[in-house]
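Q: Attaching a predicted model along with its sequence, questions to come.
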Amino acid sequence: MSDMTQHPSPIAGVSLRQRTGTDLASLAELWVASWQETMPEIDFSARKTWFVDHLNELELAGAVTICAFDGSNRLLGFVNFDPASGYLDQIAVAPDAKGSGAARLLLAEARRLSQGGVTLEVNQDNPRALRFYEREGFEKFGEAVNPISGLKTWRLRLPQNSSGT
């Protein structure tokens, strides 16, 4: 992606860059840790292979994965989205980085690089994520069911001209 190179962020010591092949194992571990904390009743370690395959398929179809790193080059989080459609498939932050502003920074980058508004699905029983998206200006526009977990989700959207709060 031409306008996404490693660059500093408004959060001191945090930089963003597009994922490289060497990041995949760390991304998968962070994804498991983040989801395991959010939904401890589900074995996300058993879903790691699915996640890696899913991420690769999304990227082959045009999605990008942007990673946030601290000053020690430790992965804080990532976002995966399709700039053409604005669909945000995954956003995850390391458990010890939650509340640090990393998710907001990653979402801002997805907004910046998307050609239209941003849409996503979020589990209805994930109150922390729902509060985050509401603070960022997302609105509910439908319901769905996650085909893998069977859990109910909300469909959310943020128009391109919305800046969040």
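A: Looks like it arrived, so ask away.
Q: rest of the way, CA atoms for contacts and neighbours
A: OK.
Q: which regions of this structure sit below the pLDDT cut-off?
A: Applying pLDDT under 70 to the chain flags the ranges 1-12, 159-165.
Q: mind running it again at 80?
A: By pLDDT under 80, the weakly predicted segments of the chain are 1-13, 115, 159-165.
Q: what about stretch 108-118, start to end distance?
A: 10 Å (Cα to Cα, to the nearest Å).
Q: let me fix that: stretch 33-46
A: 12 Å.
Q: So which bits of that stretch are buried?
A: By neighbour count on 16 or more other Cα atoms under 10 Å, the buried set for stretch 33-46 is 33-36, 38, 44-45.
Q: Show me the two of these that sit farthest apart.
A: 38 and 45 (13.3 Å; Cα to Cα).
Q: ok, back up a step: can you flag which of the buried residues of stretch 33-46 belong to helices?
A: Among these, the ones falling in helices (DSSP state H) are 33-36, 38.
Q: Report the secondary structure state of the residue lying closest to residue 113 once chain neighbours are set aside.
A: Residue nearest to residue 113 in three dimensions, not counting chain neighbours: residue 83, with 5.9 Å by Cα to Cα, 6 or more residues apart in numbering. What DSSP: H, G, I helix; E, B strand; the rest coil gives for residue 83 is coil.
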